[in-house]
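Peer 1: Sequence plus the predicted model coming up.
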Amino acid sequence: MAGKKISLILILFLTAPSAFSQSFRYLQYIPSATIKIDDALKKYQLKPEDKDSLILFNNLTGSSVLTKGTKYKMPIRIYPFSGDNIRSSIGIDNYNTAKSIEKYNTTLEETGIKKTDPKKGNEIWVSISFLKEKKKEFEPYTTKYTILGKKYEKVEVTDNKLRGELFYLISGHGGPDPGANCNKEGNLLCEDEYAYDIVLRLARNLISHGAQVYVIVVDENDGIRESMYLKHDHDEVTYDEKPIPLNQVKRLKQRTDLINKLYKKHEGKYKQKLIELHIDSRSEDKKIDLFFYHFPGSEAGKKIADKMLETVKEKYNTHQKERGYTGVVKERDLYSLRETLPLCIYIEVGNITNEFDQRRILIPNNRQALANWLAEGLMK
């Protein structure tokens, strides 16, 4: 997800001593020329299983190269030599693994890739694949999504519960089409603005658990916002920077074609899901809860929608027990449910004209609660 649309920058840091190893740092690599990822792996004598770590450490999803002049965190730990042996230096017990690490270092020294630094003494390089014999605890890292806005663009990835999962997130309408709208106390409430804010919050939650995320409708000027009344504009574009058509059929086809193209690109590498979020418009006296729709006959879609409903119902029973929960899971033959390749869940989060439902979307903390509950449901 590199590029102007969703700038993704990994903030690298030294790792503190873990429960099963001594202190170490990761090797930093700055290519003198753009190089293929596979060629970089060969250069450092890394195994195919190290590729996933390289991609994860540097958020290289969708990229097949390392760019000239860019600093990368390699899946190679550098340990100071204890003066005794390799096992005590890096905190392992397996003798055969230690011998393999010794051979690895010798090979790198013979090829000139590894050089001894007189100031640091002899150091031991250990690729991540050598540590597979031990259960490796997750090491938190920080990533940056500029579309989330200055306040929220840095996201700490705290665990890998959603590693291997890829989500496409669509906020309804956008560009020339504001979607459902109404006036409240002289303020224009527009579906596309509030749906987008909730989607950004959901994206941030999913990313924090190790998921890869594509936000399909993008407004680079509007990150996550903490005001009740969100200013309406028309400058939203698609992830690939295309203007959004006013015509509904063209707009839906544009998004479907983009998602299907990305789906094929990542097919076999990730479990892919599409979440589309809307805000309904009904008569002012009609209160509605969250509705989850899946394509008719989709057992997988129903299963995920049911889990999301269960989570929301639990939260309602905890925080609004006196009111209860009346949302449902239903089948619907909607365009995005029918035409997109990834499994799709379509969500309506309330009636924009109803005063009670408006609290769900106007109050920033409530928008965050919605995002939290939806993310929690997707992790069940």
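Peer 2: That came through, no problem. Quick caveat: nothing in here was measured; it's all calculated off a predicted structure. Numbering: from 1, shown residues only.
Peer 1: Is A40 in contact with L66, as I believe?
Peer 2: Yes - between A40 and L66 a contact is recorded at 5.4 Å, counting by C-beta atoms under 8 Å. For glycine as for every other residue, the C-beta is placed from the backbone atoms N, C-alpha and C.
Peer 1: Need the residues touching each of those two.
Peer 2: Y29, P31 (C-beta atoms under 8 Å, 6 or more residues apart in numbering).
Peer 1: residue contacts, L230?
Peer 2: Contacts of L230 (C-beta under 8 Å, 6+ apart): L189, C190, E193, Y194, D197, D222.
Peer 1: run the last query once more with 6 Å
Peer 2: Residues near L230 by C-beta atoms under 6 Å, 6 or more residues apart in numbering: E193.
Peer 1: what about it, distance to I279?
Peer 2: 12 Å (C-beta to C-beta, to the nearest Å).
Peer 1: overlap in contacts of these two?
Peer 2: With contacts defined as C-beta under 6 Å, 6+ apart, no residue is adjacent to both L230 and I279.
Peer 1: Between A40 and L66, which has more neighbouring residues?
Peer 2: Higher neighbour count among A40 and L66: L66, with 22 against 18, using other C-beta atoms under 10 Å.
Peer 1: Tell me what the more buried one is bridged to.
Peer 2: For L66, the residues forming beta bridges with it (DSSP bridges) are I35.
Peer 1: Would you confirm that it contacts P31?
Peer 2: Yes - if you go by C-beta atoms under 6 Å, L66 and P31 touch, sitting 5.1 Å apart.
Peer 1: What are the boundaries of the strands in the stretch 201-350 of the chain?
Peer 2: Secondary structure of the stretch 201-350 of the chain (DSSP state E, counting those that start in this stretch): strands at 212-215, 217-218, 237-238, 271-280, 291-294, 329-331, 343-351.
Peer 1: now the ones you listed in CSV, with distance to E185?
Peer 2: What follows is those, written out as CSV (distance: least, C-beta to C-beta, whole Å):
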stretch, distance to E185
strand 212-215, 30
strand 217-218, 27
strand 237-238, 30
strand 271-280, 18
strand 291-294, 27
strand 329-331, 33
strand 343-351, 17
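Peer 1: gap between R359 and Y239?
Peer 2: Taken as C-beta to C-beta, the span from R359 to Y239 is 31 Å.
Peer 1: Just give the closest residue to S298, not the sequence neighbours.
Peer 2: L343 (7.1 Å; C-beta to C-beta, 6 or more residues apart in numbering).
Peer 1: In the lengthiest helix in the chain, which residues are buried?
Peer 2: What stands out as the longest helix in the chain, according to DSSP state H, is helix 299-319. For helix 299-319, burial by neighbour count (16 or more other C-beta atoms under 10 Å) applies to G301, K302, I304, A305, K307, M308, L309, T311, V312, K313, K315, Y316.
Peer 1: contacts for it?
Peer 2: Applying C-beta under 6 Å, 6+ apart, the external contacts of helix 299-319 come out as L290, F292, H294, F295, Y325, V329, L343, I345, W373, E376, G377, K380.
Peer 1: on that earlier part again, next one, pLDDT for the residue nearest to S298 please.
Peer 2: On pLDDT, L343 comes in at 97.
Peer 1: next one: Q320
Peer 2: 66.
Peer 1: quick one: secondary structure of the closest residue to I361 other than its chain neighbours?
Peer 2: Using C-beta to C-beta, 6+ apart and skipping the chain neighbours, the partner closest in space to I361 is Y194 (4.5 Å). Secondary structure for Y194, judged by DSSP: H, G, I helix; E, B strand; the rest coil, is helix.
Peer 1: count of neighbours near Y194?
Peer 2: Y194: 27 neighbours (other C-beta under 10 Å).
Peer 1: repeat for N122
Peer 2: Neighbours around N122, by other C-beta under 10 Å: 12.
Peer 1: quick one, what contacts it?
Peer 2: Contacts of N122 by C-beta under 6 Å, 6+ apart are F81, T116.
Peer 1: mind running it again at 10 Å?
Peer 2: P80, F81, G83, S89, N105, E109, T116 (C-beta atoms under 10 Å, 6 or more residues apart in numbering).
Peer 1: Could I have the CA atoms of stretch 336-356 written out in PDB?
Peer 2: C-alpha atoms of stretch 336-356 as PDB (Å, rounded to 0.1, in the frame of the first residue of the first chain):
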ATOM      1  CA  SER A 336     -21.200  -5.100  -4.100                       C
ATOM      2  CA  LEU A 337     -22.300  -8.300  -2.400                       C
ATOM      3  CA  ARG A 338     -22.900  -9.900  -5.800                       C
ATOM      4  CA  GLU A 339     -20.100  -8.600  -8.000                       C
ATOM      5  CA  THR A 340     -17.000  -8.400  -5.800                       C
ATOM      6  CA  LEU A 341     -14.700 -11.400  -5.500                       C
ATOM      7  CA  PRO A 342     -13.800 -11.200  -1.800                       C
ATOM      8  CA  LEU A 343     -16.400 -12.200   0.800                       C
ATOM      9  CA  CYS A 344     -18.400  -9.000   1.500                       C
ATOM     10  CA  ILE A 345     -20.400  -7.800   4.500                       C
ATOM     11  CA  TYR A 346     -22.600  -4.800   4.000                       C
ATOM     12  CA  ILE A 347     -23.400  -2.800   7.100                       C
ATOM     13  CA  GLU A 348     -26.000  -0.100   7.800                       C
ATOM     14  CA  VAL A 349     -25.200   1.600  11.200                       C
ATOM     15  CA  GLY A 350     -28.300   3.700  11.700                       C
ATOM     16  CA  ASN A 351     -31.000   6.200  10.400                       C
ATOM     17  CA  ILE A 352     -29.400   9.600   9.800                       C
ATOM     18  CA  THR A 353     -32.700  11.400  10.200                       C
ATOM     19  CA  ASN A 354     -33.600   9.900  13.600                       C
ATOM     20  CA  GLU A 355     -32.500  11.900  16.700                       C
ATOM     21  CA  PHE A 356     -31.600   8.800  18.700                       C
END
